[in-house]
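1. just the structure for this:
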Amino acid sequence: MATPRRSPLLLLFLVGLAATAAAVGDAPFVVAHKKVALSRPGPGVERVAVTLDLYNQGAATAYDVSLNDDSWPQEAFEIVSGSTSKIVEKLDPGATASHNFVLETKVQGRFQGSPAVIKYRVATKAALQEAYSTPTLPLDILAERPPQKKFQLAKRLAGKYGQLVSVVSFVGVFVYLVASPSKSSAAKGSKKRR
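-> Model prediction:
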């Protein structure tokens, strides 16, 4: 009888899960997502637009939220707009905050950015809490990119709206066939009148 043995393990797991949820339920839980977009304003120059989105998924307010992204070496990257750090006074439960900055580089190579560090204060604890953003994928700075294909837009539109266009076309043809009189029925009608 393996059933009685599984039941205490399942009960223990559920009690542990409930205790964890109760402990975390009244605290802030800050989640950060880091996005990077590359653009080339001119030859030999690449701009890196960084966006950091903060979310408070917890049930309490996070205070003195400081965001710091020091993963960009000053030898290779120069700040064009914004700054790599930001302080948010408070982040209520369910609230979001966003931070943007733009970097410029003239150095070619592969770069792997590390996660940004987020520190915040909880009202019930004296110690600062720490969270990390998602890391970025490796960036190929000033790498040769293949030219865009000529029919890339047409393929994208056909993939996105192709089914809709075909359904609307079939409905249109069906309505046309039903609404227009057929030649054979018009010929029969003219024979009966004679």
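
2. which helix in this protein runs the most residues?
-> helix 152-179 (DSSP state H).

3. can you pull out the helices in this structure?
-> 3-25, 152-179, 183-193.

4. so what's residue 190 scoring on pLDDT?
-> Here, the pLDDT recorded for residue 190 equals 56.

5. sort out which residues of stretch 111-120 are buried, please.
-> 111, 113, 115-120 (16 or more other CB atoms under 10 Å). (C-beta placed from N, C-alpha, C; glycine too.)

6. okay, these in JSON lines with distance to residue 92 and pLDDT next?
-> As requested, the buried residues of stretch 111-120 are exported to JSON lines (distance: CB to CB, whole Å; pLDDT from 0 to 100):
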{"residue": "111", "distance to residue 92": "35", "pLDDT": "89"}
{"residue": "113", "distance to residue 92": "29", "pLDDT": "84"}
{"residue": "115", "distance to residue 92": "24", "pLDDT": "94"}
{"residue": "116", "distance to residue 92": "21", "pLDDT": "94"}
{"residue": "117", "distance to residue 92": "21", "pLDDT": "95"}
{"residue": "118", "distance to residue 92": "16", "pLDDT": "95"}
{"residue": "119", "distance to residue 92": "18", "pLDDT": "95"}
{"residue": "120", "distance to residue 92": "12", "pLDDT": "94"}
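
7. from the residues you listed, which land in strands?
-> Among these, DSSP state E puts 111, 117-120 in strands.

8. what two of these have the greatest distance between them?
-> 111 and 120 (27.8 Å; CB to CB).

9. pick the one among the buried residues of stretch 111-120 closest to residue 97.
-> Of all the buried residues of stretch 111-120, residue 118 has the smallest distance to residue 97: 10.2 Å, by CB to CB.

10. any idea how far residue 101 is from that closest one?
-> Residue 118 is 15 Å from residue 101, where distance means CB to CB, to the nearest Å.

11. same check on residue 74?
-> Separation of residue 74 from residue 101 (CB to CB) stands at 14 Å.

12. looking at the two, which is more packed in?
-> Legend: neighbour count by other CB atoms under 10 Å for residue 74 and residue 101, higher for residue 101 (19 against 8).

13. surely the more buried one touches residue 85?
-> No - contact criterion CB atoms under 8 Å: residue 101 and residue 85 do not qualify, at 9.2 Å.
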